[in-house]
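> Take a look and give me a structure for this.
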Amino acid sequence: MSSSKFHLSFEFYPPRTEQGHHSLLRSAQRLIEEKPDFFSVTYGAGGTTRTRTSQAIASLLDKGWNSVPHLSWGDTPASEVVEQVENYRSSGVRGFVLLRGDAPSGTVGGVLHHAVELVGLVRDRFGDAFEIYVAAYPEMHPDASSPSNDIDHLKAKVEAGADACFTQYFFNPDAYKYFVDQCLSERIDVPIIPGIMPITNYERLVDFSTKCGAEVPRWIERKLHELKDDSDALQDFGCEVVQALCQELCDEGCPGLHFYTLNRAKPTLRILNGLTL
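Next up is the predicted model:
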């Protein structure tokens, strides 16, 4: 991707029901008005959403909307991963978000491949046929032994062929700025695009953040706790916080924004509509 172009993308998760599928397409229809570079669709641990992810991608592509699947390499043979990538290419996919393989909840054992291996596999077999995006962690991946170790892993993914990175969501802009500076000092010069999480629910945000290692600053967490039974006030406050974060990042020259929409258009659109880009 061009480092001079401001990137905008919206992430969905693959719905479980037909009603959820229609809801996703309605959200996409509203969000496409913002002219995103693409929609992306997540991929469950161990490939548990493989079929639903590909179905969602197919539906978005059928509408003429550029769409990028997430993909991880669990314990399946390399040939099966290559076949999956080939099928996506045949359907019109031109990019991937490539992630570490994780075992489905409740399972143990098996060979789980790191993202760097998957990036290398796709580049080796398909050359420059795809744009490749990988994950980055301004507040450190929960499994990393240190911040420096985490950056080393990111550097390896970039050297294997990643074109750009999407960060885990964060609410402290200084964490992102420091992380970018550290990456540049290690000669990681691909775009590091902030991942943005709209705030719409107290319990869900705390649960997500605990699992993924994202810090919710105390002043935000305490105010959300105070407002947790007042949905309108909580969403007003959440929008104000995330909108200010995005504006600061944009003013500082971030290369784009990647929104974790949770399959809802309204919270993301409300944030975007208040920004000066």
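> Flag the shaky bits of the stretch 51-200 of the chain, pLDDT-wise.
For the stretch 51-200 of the chain, the stretches flagged by pLDDT under 70 are 101-112.
> for it, what spans make up the strands?
All strands of the stretch 51-200 of the chain, identified by DSSP state E, counting those that start in this stretch, fall at 67-72, 95-99, 131-136, 164-169, 192-196.
> looking at the ones you listed, which is closest to Arg30?
strand 67-72 (15.7 Å; C-beta to C-beta). All C-beta spots, glycine's among them, are computed from the backbone N, C-alpha and C.
> Partner strands of that closest one, with direction?
strand 38-41 (parallel), strand 95-99 (parallel) (DSSP bridges).
> Turn the strands of the stretch 51-200 of the chain into a markdown table, including mean neighbour count.
Output for the strands of the stretch 51-200 of the chain, formatted as a markdown table (neighbours: other C-beta atoms under 10 Å):
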| stretch | mean neighbour count |
| --- | --- |
| strand 67-72 | 24 |
| strand 95-99 | 25 |
| strand 131-136 | 24 |
| strand 164-169 | 23 |
| strand 192-196 | 24 |
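> on that earlier part again, present the strands paired with strand 67-72 as CSV; the columns should include distance to Gly195.
Below are these laid out as CSV (distance: least, C-beta to C-beta, whole Å):
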stretch, distance to Gly195
strand 38-41, 11
strand 95-99, 11
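> who's in contact with the most centrally placed residue in the chain?
Geometric centre of the chain, nearest residue: Phe166, 5.6 Å, by C-alpha atoms, centre = their mean. By C-beta atoms under 8 Å, 6 or more residues apart in numbering, the residues touching Phe166 are 9, 97, 133-136, 193, 195, 258.
> do Met140 as well
Residues near Met140 by C-beta under 8 Å, 6+ apart: 146-147, 150, 213.
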